[in-house]
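# After the sequence you'll find the predicted model.
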Protein chains: 2
Amino acid sequence: MKKIGVGLLGCGVVGSAVFRNLSENAELIAARCGARFEVKKIAVRDPSRKRDGIPAALFTASAEEAVAAPGVDIVVELMGGEDAALSALLSAIRNKKHVVTANKLLLAKKGELVFAEASTAGVAIGFEASVAGAVPIIRTLKEAVASGNIRSLFGIINGTSNYILTSMMESGVSFSAALREAQRLGYAEADPTFDVEGIDAAHKLTILATLAFGAPVDLDAVYIEGISRLAPDDFHFARQFGRVIKLLATARLDGGRLDVRVHPAMVAATRPIARVDGVTNAVELDVSDAGRLMLIGPGAGGDATASAVIADMVDIARDMIAGSVGRISPLGFLPGTRKQFPLKPIDDVESGYYLRFTVDDIPGVLAKMAGILGDNGISIDSVIQKGRSGDPVPLVILTHGAREKSVRDAIGKIDTLPSTRAKTMLIRLEDGD
Amino acid sequence: MKKIGVGLLGCGVVGSAVFRNLSENAELIAARCGARFEVKKIAVRDPSRKRDGIPAALFTASAEEAVAAPGVDIVVELMGGEDAALSALLSAIRNKKHVVTANKLLLAKKGELVFAEASTAGVAIGFEASVAGAVPIIRTLKEAVASGNIRSLFGIINGTSNYILTSMMESGVSFSAALREAQRLGYAEADPTFDVEGIDAAHKLTILATLAFGAPVDLDAVYIEGISRLAPDDFHFARQFGRVIKLLATARLDGGRLDVRVHPAMVAATRPIARVDGVTNAVELDVSDAGRLMLIGPGAGGDATASAVIADMVDIARDMIAGSVGRISPLGFLPGTRKQFPLKPIDDVESGYYLRFTVDDIPGVLAKMAGILGDNGISIDSVIQKGRSGDPVPLVILTHGAREKSVRDAIGKIDTLPSTRAKTMLIRLEDGD
């Protein structure tokens, strides 16, 4: 039986699950791939801390030592962060170690560098765990989509924000109350910025879009809006329109231009993705031949993420045994065949819009606003003017498809009217093309 | 650029889509795998029939000729049926050709033989298209599930029956009316037996369970019930209980015994699988470490099925180029590591039950029936006695978890009561463990 040595960088929730499951399920893993994994060294911040079930002798404070330890074939990077992780990964690659990483921030920012170095060194790089935890979306993009063009990709790929949105939708609480509850349950970090402002989702979307379109996608190209400005009213009105609000990561190739965005979107409640609640993740692909494929599953958690990490390790083991490392390019396309797409700026996006105005409850306000929308070529689908009594009141308009620039121009004008009492809330409708 | 020759057996909806997409997307496929596919021969029943866009010279009436044509590396079997397909597949394998097949009937009945022959010959066998069309469930079972045990598997894997059930649920029509409509739209065949009686789903379940549990599963072991006995009343009552009716294919490893079944089941309307409507397919896996994974997508159709066929061909191309044919065993487990599980007979299954009795509308009937259920150790969850007036009337009982044998015994007694006017309808509740 082939033995494969592992250097583990990081031993938090995911790292310790990887260690435990490699050992507890060694028999099963060996039956599947014909190899046994043996963790040789684990780099952690504090090697003196005792960790249940892991021999103290395995720990070191030095990532370098874990990478270079004798017998290490695969380096598994679960330390997170940017600089230290990058230098550890590159050191592993340059030392001809195969690597597996769950580090979406690093791949979103430095993926092109890391993948190029891995190709040059002739080592494998697995990163299934970097997006959507246990959901095999990377594998699907690289292997299951073979003959078709991906037209669009929709994802709920941040569990924290989806948990918060689900609470707000179900119980009508405010964003800050839902966030506090998520923090209490361990679903949100003390500083939730990355999750609730869409940044983490943008990292993951960058990785997915890079694979989906066979082209480099710059993280800076992703339009990002978070969920912190959403109010209970927005969920209330969404329900009236038969919709739910989700933080959607979307990527489309539209007339040869790349449209990549993370923002709250109103989705018809009847679509399966509308039923993806709590910390669950989902990705929907629209493929020219395969049609609409959707993958749903746990987006986080030690065991779930470890399962994706170990699947990558098993892949590498199968390649080591068959002598076929590099049989699939890290990004699914052969070098030299990747494309380059110009960006579609957010101003050019066309969509239906939910607009929640906050206005004085006086006659003529709707007429005035409808006039401004009309002047900007925006046609109205429906209006909800009822709502609570009192002053100011919410006035909600759903538009037909319109250009974002026109909508923003119109809102700019409406927001300066004396009858407008607060900044207008804009949420894009997502009807899945 | 590597050239790979293809012998195509069958040129119906799927075969012609494979031919067309291989040619139309040749560039894209080559960018993904570094190979170009060239169809050398196509075996069809009537080679004289003209087919748009396919050179007449490619056709032959002889499967043997398509298998043995010069330059053929991969034989793609899309002819369906049993005997002729088996002999063509075995001939291809013995001639050291790699094979790809969408033939679920054949694999369910003769899979062990075909896989063993492929292993002996050292050729690859791809069969992603045999279950759930474009949905990459075979790949997920063989590759994404690496360290975990699969505890259970739920599938909606027959589009025809799901289309009929969706119609019955949405518009209250009878089974025969829904079937006629499905036939009119081309979703059901003239003889719909395989689809509506659960046989096709049982074929696919046999394949999935074989992969999921790493053990041979005998088609005869699958308990099968179709949808033709369902009445509009059942959908009406399902709705009252917040449930929908789906033809579920389920497989569980329960106390070391294999429980594999295809039958209509009532599922909570809030579960994502309840939203899988029309001809869409879905498979949900419960994996010990990965958690609940669900894959949804088109279960049939030329392009969708062709996409799974071509993904298998691309896999084989990658292995041919890397010299790694056989890097993954056809069934995901190394030979010699597969297990053998005894069967759990349907009598031993425990479940909640929906029981629709047809009874005289006279006092004391419910008491009598409740007494019989109680005598058999079955406790009642809820009762709906209202409903239409007239005689006989439906009386619906939802039970708590009970053993199937006890429920059948009780029904046996109830069905002989003078107040019982028709055979009792039994539908299992599926609450996903």
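Cool, the structure landed.
# Count the neighbours of the nearest residue to A:V123 once chain neighbours are set aside for me.
Nearest residue to A:V123, sequence neighbours excluded (C-beta to C-beta, 6 or more residues apart in numbering or on different chains): A:H98, at 4.8 Å. For every residue, glycine as well, the C-beta is placed using N, CA and C. Counted with other C-beta atoms under 10 Å in any protein chain shown, residues neighbouring A:H98 total 28.
# Specify the beta-bridge partners of A:H98.
Legend: beta-bridge partners of A:H98 under DSSP bridges are A:I74.
# show me what contacts it?
Contacts for A:H98 were tallied using C-beta atoms under 8 Å, 6 or more residues apart in numbering or on different chains; they are A:D73, A:I74, A:V75, A:V123, A:A124, A:I125, A:G126, A:I316, A:M320, A:V325.
# Pull out the buried positions in the longest helix anywhere in chain A.
Taking DSSP state H as the criterion, chain A has its longest helix at helix A:302-322. For helix A:302-322, the buried set under the neighbour-count rule, 16 or more other C-beta atoms under 10 Å in any protein chain shown, comprises A:302-320, A:322.
# These: which ones sit near chain B?
With the criterion set as C-beta under 8 Å from any C-beta of the partner chain, the members of those near chain B are A:303-304, A:306-308, A:310-311, A:313-315, A:318-319, A:322.
# count of residues packed around the nearest residue to A:K50 once chain neighbours are set aside?
Excluding the flanking residues, the one nearest A:K50 by C-beta to C-beta, 6+ apart is A:A56, at 6.7 Å. A:A56 has 10 neighbouring residues, counting by other C-beta under 10 Å.
# What of the one 10 residues further on?
When counting by other C-beta under 10 Å, one arrives at 29 neighbours for A:A66.
# What helices and strands are in contact with the helix or strand encompassing it?
A:A66 is located in helix A:63-68, with elements delineated by DSSP states H and E. Packed against helix A:63-68, as judged by 3 or more C-beta pairs under 8 Å, 6 or more residues apart in numbering or on different chains; DSSP states H and E, are the following elements: strand A:2-9, strand A:35-43, strand A:72-77, helix A:83-94.
# How many residues are close by A:P136?
Using other C-beta under 10 Å: A:P136 sits among 26 other residues.
# is it true that it touches A:L293?
No. Using C-beta atoms under 8 Å, A:P136 makes no contact with A:L293, being 11.4 Å away.
# Mutual contacts of the two, please.
With C-beta under 8 Å, 6+ apart, A:P136 and A:L293 have common neighbours B:P136.
# Residue numbers of the stretch 101-250 of chain A in contact with chain B?
Residues of the stretch 101-250 of chain A lying near chain B (C-beta under 8 Å from any C-beta): A:128, A:134-136, A:139-140, A:143-149, A:214.
# rewinding a little: next SSE after the longest helix of chain A?
strand A:350-351.
# ok, the very next helix or strand once past that following strand: who's next to it in the sheet?
Counting by DSSP H and E, the element after strand A:350-351 in chain order, helix or strand, is strand A:353-359. In the sheet, strand A:353-359 lines up against strand A:393-399 (antiparallel), strand A:420-430 (antiparallel) (DSSP bridges).
# helix or strand right after strand A:353-359?
Beyond strand A:353-359 in the direction of the C-terminus, DSSP H and E gives the next helix or strand as helix A:365-375.
# pLDDT averaged over that next one, what's the number?
Averaging pLDDT along helix A:365-375 gives 95.
# Next, the buried residues of whatever helix or strand comes next after it.
Counting by DSSP H and E, the next helix or strand C-terminal to helix A:365-375 is strand A:380-384. For strand A:380-384, the neighbour count (16+ other C-beta under 10 Å) marks A:I380 as buried.
# Repeat that for stretch A:135-149.
In stretch A:135-149, counting by 16+ other C-beta under 10 Å, buried: A:135-148.
# Using PDB, write down the CA coordinates of it.
The C-alpha coordinates for stretch A:135-149 follow below in PDB (Å, rounded to 0.1, in the frame of the first residue of the first chain):
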ATOM      1  CA  VAL A 135     -20.000  21.100  -2.500                       C
ATOM      2  CA  PRO A 136     -18.000  19.700  -5.400                       C
ATOM      3  CA  ILE A 137     -18.300  22.800  -7.600                       C
ATOM      4  CA  ILE A 138     -14.600  23.100  -8.500                       C
ATOM      5  CA  ARG A 139     -14.600  19.500  -9.700                       C
ATOM      6  CA  THR A 140     -17.800  20.000 -11.600                       C
ATOM      7  CA  LEU A 141     -16.400  23.100 -13.400                       C
ATOM      8  CA  LYS A 142     -13.100  21.400 -14.300                       C
ATOM      9  CA  GLU A 143     -14.500  17.900 -15.200                       C
ATOM     10  CA  ALA A 144     -18.200  17.600 -15.600                       C
ATOM     11  CA  VAL A 145     -18.500  20.600 -17.800                       C
ATOM     12  CA  ALA A 146     -16.600  19.400 -20.800                       C
ATOM     13  CA  SER A 147     -18.300  20.300 -24.100                       C
ATOM     14  CA  GLY A 148     -20.500  23.200 -23.100                       C
ATOM     15  CA  ASN A 149     -20.000  26.900 -22.600                       C
END
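# I'd like to know which of the helices and strands packed on helix A:63-68 is closest to B:A370.
Set against B:A370 and scored by C-beta to C-beta, the helices and strands packed on helix A:63-68 come closest in strand A:35-43, at 57.0 Å.
# List the neighbours of that closest one that are in contact with it.
Against strand A:35-43 from outside (C-beta under 8 Å, 6+ apart): A:1-11, A:15, A:19, A:22, A:26, A:29-30, A:54, A:58-63, A:65-66, A:69-72, A:74, A:79, A:88, A:313-314, A:317, A:320-321.
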